[in-house]
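got a predicted structure plus its sequence, pasted below:
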Amino acid sequence: MKSSLSYIMLWLSFSIVFQGYGQLTFLQEKEEEVFYFRHITRENGLPSNVVRFVTQDFRGYLWIGTDNGLVRYDGHQTRVFRNDPEDPASLSEDVIHTIYESTDSLLWVGTGRGFAVYDPYRETFTNYHARTNAGRWFPDVEITRFWEDEDGSIWIGSHNGLHHYIRTQDQIVSMLLYDTAKGARENLRSYVNNISAFPHRPDTLIVGTQGGLLLVDKNSYEVIQDLNADWKERAAARAFFFEGDSLLWIGDWAAGLKRLNLQTLEWKIYDFPISPLDIAPKNSDALWLATPNMGLVVFNKKDESFTPHGKSEDNPRSLLSNYLQCNIFIDRQNNLWVGGKEGLNMLDRSYKSFRKIQLPYGLEDARCFYRDKAAGKTYFGTNDQHNIVFWDENKNEWGIVPDQTPGVGPYAGIRHMYRDHRGVIWATSMTNNLLYIDPDTQHLTMFLDRNGGPVTFRDGQSRLYHMAEDMHHNLWISAPFDGIIQLDADRKEATYFRYLPGVRNGLFRSQRYLELMVDHKNRLWIGSYDGFGVYDIDRGMFLSGRFDALKDMGLWGHGAGGFATDSLQRIWVCLHRKGLLRISEENNGFSFKRYHTIHGLNDPNVSRIAVDSKSNFWIINEGLVFFNPYTEQMNAFDDRNGLHKWKSLDDRIYIDEDDQIFLTGQGGFETNMIAGLALRGSIVNLLIEQVEINGSEIFRIGPEPQTRAATFRPSEKNFKFNFSAICFEDVHQIKYEYKLLGFDELPATVTSRGLAHYTNLPPGKYQFVVRAAHRGVWFDREAGFEFVIKPYYYQTIWFRMGSLASVILLLTAFIHIRGKQIRTREKVKSNFAKRIAEAEMQSLRAQMNPHFIFNSLNSINTFILKNETDEASDYLTKFSRLIRIVLNNSKNTLVSLEDELEALTIYLELEQIRFSNKFEFAIIIDQFLDTNRVFVPPLLLQPYVENALWHGLMHKEGRGRIDISALKNGEYVMFTIQDNGVGRKKSAECKSAFELKGKSLGMTIMAERISTINALYGSDAKVTITDLYDTNQRAAGTRVGISLPILTNAHN
């Protein structure tokens, strides 16, 4: 009797929902029930709008039978199963009539031609039909119902009798249930519509057919009793609903609603022209009836009335169609589903669950609220000419608070009502100052101070907005355009605070002052269009400089619309467009935390806040947000799940002591009991459905627990995880948090989509973990998937160990061979060193030739003969210094670039003297070259400079120039020697045989030196010579380029 027990539980749950939450604490006049539905059609993924059956499996998936395939639905997306002629494990027929889940989690699918059994673990179908080429044999008949017996066997109803599938023997026994010799009604018994156990007879089935209700012996397969034997009409039995073990409700096409007493077998027939094709409990006093012409009908068992709720043009969220041939299914979360010819309908109990109430007397908008529970009155401040209206709970009628000040009222634009410690209800007005309801006369009265004047800044013209009472019972009032007013505890004198330029620790400047709140330290918090401020009432000063950190956070200067405190004495502030701000007091300072969309806030433009009896916050933004300040749970309400209209910054919220919410709205107000709102999560299950690998291959994850990690090849390193929180209510409020353990080092990623991508994962062991929250409540289970990406062979430990052994062997051989090479190389270097020394000496002899020495001595002699002793002394000093440097450098293979350039400079200065300053020179050094750490062969540049002098500039008319540069180019130094002489061609014509021979010898020596450097250091040193021409192609000089590797003293 599994079905009977489940329906009893549904009765209890529906009774709680409809009786406990449906009746509000005021305005309890009876209203006509209006039902709203969420629609699932082809636009949402159904393959056909014709829906015939709905059920739910053990994982929580909804299974939908349509005329074009079997659909699995998780609340977000659909997966369709159809016949594939190429796949024998696919569904054999696309028209689905019934679906049933057996206790072993197999899904039995009845089609128009036999049935199929779906294995969710293998995701395959086993087909039973007359086409023996694929599947198991069974007649090609329409299957209408399945029912599992206690022994695990399956009873199958069809349009050709009753069938018993004995699974332990893999045997099917068929019963026709009719006798061709009998009349038409008896022959209709072959059309079986429903099957169940008879409560009081263990071996008996109760079978509903088109010909009536039958009792069948399960052992002998014989009809024991025809319960409609004397009936000539309305005997058809399709819909079953057991009310406990004593009553069975039955319905069918044109058969009306019937009730059978299962103990006495007495019938009760309800005389109403209706065709109930399925029956389900609405609550303990009513039934749902699915009909083919009136939609969903509510049958009241007490007064035996039938109330249709069909498709309505005035209600876009009514049923899609009045034709409902599908079963009524109630899922685990008590959602009601029913299908028809136009799609699937789900009863949406949260849609417009707030009650919208129109104010009386033609009034438009309620702007504020206050409930005086002791007096049984709820007051409403309005925007209209009438001041304050109230609902009298004792008299169950509306009333108006009368004016006590003739000629002064009416007080339009009531903005706030507040009850002080004496029980006086105060009201602020946008036109005529401060008001209160006189406790004695219950009249609305203008407050006058001891001098008989109103509380106002500007001759009675100040608009007043919000109020709060401090610990000393002073009443504080905000005047939006003027400042703040303090009314003393005796309610006689008023003190006015306004912004004064240049006054330190005074009231801050704002376009409009709004909300007020007094905290646990008797500080007044003041909200405005331009931020907020705090006034220390006991110290008599405004606090300044305490909120500078908000400027760095970009939160200062934004409108503050509402305040609240929690039991931890933290302050909460609604910031326009910036979210919710939490302020905690620490060490005489404040710390701040902002809550925005990443924390679950659906819209950051928050404006007002109210606190319920459990210290939860209710915040107005574009809708209404429930927020638990301790668990940080958030749940949003808008026109999709409760509210009639979106809210704005101008709307207000009030919660009375019974936790009834009041919201302002156009044309009246909206209200609901907090206890009746859906604050808990409704996730049925959380599943990782499949993994997509490298963009194509699909790895489906079955329902069985994972016993070992899945294994993938090294090339399978790009993963897309598809996961889903099965949920059918407010699915827009689902969020996921996932992480790949073994890869992600950052905190878990939060998303609203059931997808996660990872690319280029290295070999290793991983676990993908995801959790889900609905309405801010985390589901109690995580979903995980473990997998291993195998390494390439060269990444395995065996390969590495083998490689290590090979490396050791190779290293040993290398050391041996390398030692031999080093010894050979040292020998070669020794030979090279000798050759370099010889080359250096040859270079020395070639460059510092007797001709130069003779000319130098001749120049010194000339200075002496001319009695130019100073010039002779200077020349001789430089000459001797050059000889000393050249001789010192010739002892080394390499010398610092600094020493080389010093010798070159002295050489050029001597030549300038000899040539009577006929030329000038410049030496340019790269700033990135350290000349003391870069080493070059000695006398590297001097031969080329000498060549430029003697063969380039000697024959030039006019002043000559030599430019020498050293620039860093990667790992090389680029030396350039450029002159503006006559060029190589003309120089050759002017040379003597002696000069030509000298040049040839010098160039040969330098070529050998460059070759030796390349061989010794494995470099690519080279010399290039370029002839220069002017724009008329006349010789304009020569450029010599020397590219030399950067050498250090370590190469010496």
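Right, received. Where do you want to start?

hey, what's the residue positioned nearest the centre of the chain bridged with?
Geometric centre of the chain, nearest residue: Thr751, 2.6 Å, by Cα atoms, centre = their mean. Counting by DSSP bridges, Thr751 is bridged to Tyr736.

tell me the contacts of Ile864?
Contacts for Ile864 (Cβ atoms under 8 Å, 6 or more residues apart in numbering) come out as Ala872. Glycine gets a C-beta too; all of them are placed from N, C-alpha and C.

element containing it, please.
helix 850-865 (DSSP states H and E).

following that helix, which helix or strand shows up next?
helix 869-889.

what lies in contact with that following helix?
Against helix 869-889 from outside (Cβ under 8 Å, 6+ apart): 844, 848, 856, 859-860, 863-864, 895, 899-900, 902-903, 906-907, 909-910, 913, 938-939.

export it as CSV, just CAs?
The C-alpha trace of helix 869-889 is given here as CSV (Å, rounded to 0.1, in the frame of the first residue of the first chain):
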residue,chain,number,x,y,z
THR,A,869,111.2,72.4,-25.8
ASP,A,870,107.7,72.2,-24.2
GLU,A,871,106.2,70.6,-27.3
ALA,A,872,109.2,68.2,-27.6
SER,A,873,108.9,67.2,-24.0
ASP,A,874,105.1,66.6,-24.3
TYR,A,875,105.6,64.6,-27.5
LEU,A,876,108.4,62.6,-25.9
THR,A,877,106.3,61.9,-22.8
LYS,A,878,103.4,60.6,-24.9
PHE,A,879,105.6,58.6,-27.1
SER,A,880,107.4,56.9,-24.2
ARG,A,881,104.0,56.2,-22.5
LEU,A,882,102.7,54.6,-25.7
ILE,A,883,105.8,52.4,-26.1
ARG,A,884,105.4,51.3,-22.4
ILE,A,885,101.7,50.5,-22.8
VAL,A,886,102.4,48.5,-26.0
LEU,A,887,105.2,46.6,-24.5
ASN,A,888,103.1,45.8,-21.3
ASN,A,889,100.1,44.7,-23.3
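
figure out how far it is from the centre of its chain.
Distance of helix 869-889 from the chain centroid (Cα atoms, centre = their mean, to the nearest Å) equals 82 Å.

next: stretch 164-180.
The answer for stretch 164-180 is 54 Å, by Cα atoms, centre = their mean.

contact partners of it?
138-139, 151-156, 160-163, 186-190, 192, 207, 209, 211, 214, 216, 218, 221, 223.

just the buried positions in that stretch, please.
Using 16 or more other Cβ atoms under 10 Å as the test for burial, stretch 164-180 gives 164-165, 167, 172, 174-175, 177-178.

for that stretch, the averaged confidence score.
On average, the pLDDT along stretch 164-180 is 87.

try stretch 521-529
97.

what of stretch 454-473?
pLDDT averaged over stretch 454-473 gives 87.

over to stretch 33-53?
96.

any idea how far the residue lying farthest from the centre of the chain is from Asn917?
Distance from the centre of the chain peaks at Leu865, with 97.7 Å (Cα atoms, centre = their mean). Using Cβ to Cβ, to the nearest Å, one gets 20 Å for the distance from Leu865 to Asn917.

chain center to stretch 766-785, what's the gap?
With Cα atoms, centre = their mean, you get 14 Å for stretch 766-785.

list the buried residues for it?
Of the residues in stretch 766-785, 766, 768-779, 783, 785 count as buried by neighbour count, 16+ other Cβ under 10 Å.

helices of the protein, start to end?
2-15, 184-187, 548-552, 797-847, 850-865, 869-889, 897-914, 942-948, 983-990, 993-1017 (DSSP state H).

what's the closest non-adjacent residue to Tyr758?
Phe719 (4.8 Å; Cβ to Cβ, 6 or more residues apart in numbering).

residues contacting that neighbour?
Listed by Cβ under 8 Å, 6+ apart, the contact set of Phe719 reads 691-693, 757-759, 761, 768.

nearest to Ser312 among these?
Within the contacts of Phe719, the smallest distance to Ser312 is 43.7 Å, found for Glu692 (Cβ to Cβ).

in this structure the closest one contacts Ile701, no?
No: with contacts counted by Cβ atoms under 8 Å, Glu692 stays clear of Ile701, the gap being 11.6 Å.

what about the strands in the stretch 201-350 of the chain?
Applying DSSP state E, counting those that start in this stretch to the stretch 201-350 of the chain gives strands spanning 204-209, 212-217, 223-226, 239-243, 247-252, 256-261, 267-270, 278-283, 286-290, 296-300, 305-309, 328-330, 336-340, 343-347.

now the angle from the second one to strand 239-243?
Pointing back at strand 212-217 there. 70 degrees (axes from the mean of the first three to the mean of the last three Cα atoms, to 10 degrees).
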